[in-house]
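Chemist: sequence first, then the predicted structure, then my questions.
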There are 2 protein chains.
Amino acid sequence: MYYTPPIERLIAELARLPGIGPKSAQRLAFHIIKVPLQEAEDLAQAIVEARRKVQFCRRCFNLSEMELCEYCSDSRRDSSLVCVVEEAKDIVAIERTGEFRGLYHVLGGAISPIDGVGPEQLRVNELVSRIKEDKVEEVILATNPSVEGEATALYIANLIRSMGVKATRLASGLPVGGDLEYADEVTLGRALQGRREI
Amino acid sequence: MYYTPPIERLIAELARLPGIGPKSAQRLAFHIIKVPLQEAEDLAQAIVEARRKVQFCRRCFNLSEMELCEYCSDSRRDSSLVCVVEEAKDIVAIERTGEFRGLYHVLGGAISPIDGVGPEQLRVNELVSRIKEDKVEEVILATNPSVEGEATALYIANLIRSMGVKATRLASGLPVGGDLEYADEVTLGRALQGRREI
C-alpha cells in the first residue's frame, strides 16, 4: 500500500479498464481527486446509469434502453433487408447516410484467428436463426473493408447463400471528393473492378 | 445524438479526463456497458470515495484522508528537515528507501516556462512560510533530475539560502547495480564530479 486506501482502490479500479495501464490509472486517479466534487459525481453517475440502462437489443444486438432498439421497434422499416455490421457504432455511420431503411445485425466484431475470434465468438448463429424466422430476403454485409472484415463477409455470405438468401457487400471504390492521385492501389483496383456504365 | 442518451453522457464524461480523447472515451464506454453491474458500481464508488475522502495535507500537500498527512502528524519525525518533491507519488519512492525521517513538501510540479509553470504555480510560497514558522534547518531538494527539476531545485535553493537555511540536492551518479559501460555521459560526468573518498 503506497497511497492512502481510497486512492489505491481508485487506481486499481481504473486499471481494470481496457487500455489503461497502472501509470495511466495513477494519472487519472490523481486528476479525479483534484476535480470539483460535482464533476466526480457526474462521472460516477454516468458510469452506473449507462451500465444499468443500456442493454443489447434482443433481435439485432444494437445498444438500446429497451428490449428492442429504435430500429427494430420501428414498423416502417423493411425487416426483409438486414445490414450486418461489426459494431453498434457502425450503425450510426450508416444511419447518417439516410440511404438505408432496413434493419441491422451487430456481430460484435470480425473473424480474426490471431485474436482467437472465430464465428462462434460472433453473433453468427443468431443471424442465421433470424434469417429463417424473419423471412429475410437480402443481407448486406457491411463489415469493415479490412482483412478481418472481408473474411467475415465471405464466411457469412457462403452461409447465407446456402440458405437461398441474397448476400451483398458494400461497394469499394474511390471516396467521394477524394483525389485519384492519392488513392492507394488496392482501392483504385477495386474502383476499376467495380466500374459502372454512365 | 448518435447513441442512446446514457451512452452519449458517459462518453462525454469520460472524454473530460486528461489523455482520454473522444475515441478512447467511446471505447471505454462500450466496455463499461458490458462489464458485470458490480464492476461498474465498484468503479463509480471508488471515484466518488476517493474524491470525497482524499484531501491535501494542509502542511505539506501530500495526499491524506485527514487534515495532516501520516508523516506530518507523526511526532517522531524530524520537522527541522524537509524534503521537497514535485509530486505526492515521489514521497512513496523516498519512503521505500527507509532512509529519511524528516517531513515532506509537495510542490505540485516543476518550473517549466514552456508549459507556463512558474514558481507562482507551485507551492513555493507555502514552503517559504513553512520554513519560517517550523524552524526548518535543512531543505533537501528532491525534484527530478530533469531540466525542469534542476531549474526548480536551483530556484528554490537560492531562495532558501538567502533565508540562512541549508539547501541540499540528492546526489547524481551511477545507479546501484548499473553497468558503467551503459551509463549515459551526463550521469557518468555527474558521478565523476561527485566522487567520494573511500
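Modeler: Good, I have the coordinates. Bear in mind the structure is a predicted one, so any value in this text is a computation, not a measurement. Numbering: from 1, shown residues only, chains lettered A, B, ... in the order given.

Chemist: ok, residue A:4 - contacts?
Modeler: B:53, B:54, B:63, B:64, B:65 (CB atoms under 8 Å, 6 or more residues apart in numbering or on different chains). Any C-beta I mention is one placed from the backbone N, CA and C, and that applies to glycine too.

Chemist: scratch that, residue A:28
Modeler: Contact analysis of residue A:28 by CB under 8 Å, 6+ apart lists A:14, A:20, B:17, B:18, B:19, B:20.

Chemist: any idea which element it lies in?
Modeler: If you go by DSSP states H and E, residue A:28 is part of helix A:22-32.

Chemist: equivalent analysis for residue A:171, please.
Modeler: Using DSSP H and E, no helix or strand contains residue A:171.

Chemist: tell me the pLDDT of it.
Modeler: At residue A:171, the pLDDT value in this model is 83.

Chemist: can you give me the strands for chain A?
Modeler: A:55-56, A:63-64, A:78-85, A:102-106, A:138-141, A:166-169 (DSSP state E).

Chemist: so which of those strands is nearest chain B?
Modeler: Chain B lies closest to strand A:63-64 among the strands of chain A, at 5.8 Å (CB to the nearest CB).

Chemist: partners of the closest one, with directions?
Modeler: strand A:55-56 (antiparallel) (DSSP bridges).

Chemist: thinking again about what came up before, in ChimeraX, how would I select the buried members of the contacts of residue A:4?
Modeler: Restricted to buried positions by 16 or more other CB atoms under 10 Å in any protein chain shown, the ChimeraX selection for the contacts of residue A:4 reads:
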select /B:54,63,64
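
Chemist: need the contacts of residue A:4 in JSON lines (columns: pLDDT and distance to residue B:32).
Modeler: Putting the contacts of residue A:4 into JSON lines (pLDDT from 0 to 100; distance: CB to CB, whole Å) gives the following:
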{"residue": "B:53", "pLDDT": "94", "distance to residue B:32": "23"}
{"residue": "B:54", "pLDDT": "92", "distance to residue B:32": "23"}
{"residue": "B:63", "pLDDT": "90", "distance to residue B:32": "26"}
{"residue": "B:64", "pLDDT": "91", "distance to residue B:32": "30"}
{"residue": "B:65", "pLDDT": "91", "distance to residue B:32": "27"}
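
Chemist: check the gap between the closest residue to residue A:18 other than its chain neighbours and residue A:17 for me.
Modeler: Excluding its sequence neighbours, the residue lying closest to residue A:18 (CB to CB, 6 or more residues apart in numbering or on different chains) is residue B:31, at 5.3 Å. Distance from residue B:31 to residue A:17, counting by CB to CB, to the nearest Å: 6 Å.

Chemist: who has more neighbours out of these two?
Modeler: Ranked by neighbour count (other CB atoms under 10 Å in any protein chain shown), residue B:31 and residue A:17 place residue A:17 first, with 21 against 16.

Chemist: could you chop chain A up by domain?
Modeler: Per automatic domain parsing, the domain ranges recorded for chain A read A:5-53, A:75-169.

Chemist: chain B versus the spatially most central residue of chain A, what's the distance?
Modeler: In chain A, the C-alpha nearest the mean C-alpha coordinate belongs to residue A:87, at 0.7 Å (CA atoms, centre = their mean). To chain B, residue A:87 is 8 Å away according to CB to the nearest CB, to the nearest Å.

Chemist: tally of neighbours for the closest residue to that residue other than its chain neighbours?
Modeler: Closest residue to residue A:87 apart from its sequence neighbours, by CB to CB, 6+ apart: residue A:106 at 6.5 Å. Counted with other CB under 10 Å, the neighbours of residue A:106 add up to 25.

Chemist: again, but for residue A:174
Modeler: 16.

Chemist: which residue sits closest to it, ignoring its sequence neighbours?
Modeler: Distances taken as CB to CB, 6+ apart put residue A:191 closest to residue A:174, at 4.9 Å, once the chain neighbours are dropped.

Chemist: so what's the residue nearest to the centre of chain A up against?
Modeler: So residue A:87 contacts A:106, A:108, A:109, B:30 (CB under 8 Å, 6+ apart).

Chemist: and for residue A:53?
Modeler: Contacts of residue A:53 (CB under 8 Å, 6+ apart): A:65, B:4, B:6.

Chemist: which of the residues you listed fall within helices?
Modeler: residue B:6 (DSSP state H).

Chemist: now flag whichever of the contacts of residue A:53 is closest to residue A:48.
Modeler: Nearest to residue A:48 out of these is residue B:6 (CB to CB; 9.7 Å).
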